[in-house]
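Participant: coords below, sequence missing:
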């Protein structure tokens, strides 16, 4: 009987004040899912609109140089790459409907891995493709005006430099910190339940 009393004492002394209820946990999962799905749909919609506009410009405007079409094609290809990447990710988030804490924790870990791959591989290729495509695309309209050409290329270099060295690392760090905090919180909960 003494073991039963000891077990009962341990059971009643466990600190569960900082554990969220199941309702709070489901709200956290739904909020995370809704935010990510919303962001994915915005990127998908903007990609479709931008690619359609650029295709329309390339079809309607009679450019004389082939380089303009090549540059536009490279930008469209980068846009489609982002579109396909987000559609694949959208499928993963749509499957996150009802899940246990451990399933959600593994989902967060997979999301962290995918995010790391996206920032280290996909985004590098997309930005490179888009920047080279934009440089080639703008050559025809600006090649007769040297100052405009130099100014446009300088602006492109500054823009992509800021995007690459300021915006990209901050965005990656912010998203990584959010996922790390959520994973730590879930790991703490899982550790307290053991």
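Facilitator: Received, thanks. These figures come from a predicted structure and were not determined experimentally.

Participant: Could you find the closest non-adjacent residue to the residue nearest to the spatial centre of the chain?
Facilitator: In the chain, the centroid-proximal residue (Cα atoms, centre = their mean) is residue 115; its distance is 6.4 Å. Once flanking residues are discounted, residue 115 sits nearest to residue 175: 6.1 Å by Cβ to Cβ, 6 or more residues apart in numbering. Heads up, the C-betas are built off the backbone N, CA and C, glycines and all.

Participant: Tally up the residues packed near that neighbour, please.
Facilitator: By the criterion of other Cβ atoms under 10 Å, residue 175 has 15 neighbours.

Participant: And for residue 70?
Facilitator: Applying other Cβ under 10 Å, we find 14 residues neighbouring residue 70.

Participant: Break down the chain into its helices, ranges please.
Facilitator: 2-13, 22-60, 66-94, 101-117, 123-137, 139-142, 146-162, 168-193 (DSSP state H).

Participant: Comparing the ones you listed by mean pLDDT, which bottoms out?
Facilitator: For the helices of the chain, the weakest mean pLDDT is recorded on helix 2-13, namely a mean of 60.

Participant: Show me which positions of stretch 73-89 end up buried.
Facilitator: 73-76, 78-79, 81-83, 85-86, 89 (16 or more other Cβ atoms under 10 Å).

Participant: From residue 79, how far off is residue 72?
Facilitator: As judged by Cβ to Cβ, to the nearest Å, residue 72 and residue 79 stand 10 Å apart.

Participant: List the residues that are in contact with both of those two.
Facilitator: residue 54 (Cβ atoms under 8 Å, 6 or more residues apart in numbering).

Participant: of the buried residues of stretch 73-89, closest to residue 25?
Facilitator: residue 89 (22.9 Å; Cβ to Cβ).

Participant: For the closest one, give its distance to residue 73.
Facilitator: Distance, residue 89 to residue 73, by Cβ to Cβ: 25 Å.

Participant: can you check residue 149 too?
Facilitator: Taking Cβ to Cβ as the measure, residue 149 falls 21 Å from residue 73.

Participant: Kindly report the same for residue 42.
Facilitator: Plainly put, residue 42 is 25 Å away from residue 73 if you go by Cβ to Cβ.

Participant: before we move on, the earlier item: return the member of the buried residues of stretch 73-89 nearest to residue 35.
Facilitator: Of the buried residues of stretch 73-89, the one sitting nearest to residue 35 (Cβ to Cβ) turns out to be residue 89, at 13.1 Å.

Participant: which residues does the closest residue to that closest one other than its chain neighbours contact?
Facilitator: Distances taken as Cβ to Cβ, 6+ apart put residue 40 closest to residue 89, at 5.9 Å, once the chain neighbours are dropped. Taking Cβ under 8 Å, 6+ apart, we find residue 40 in contact with 86, 89-90, 93.
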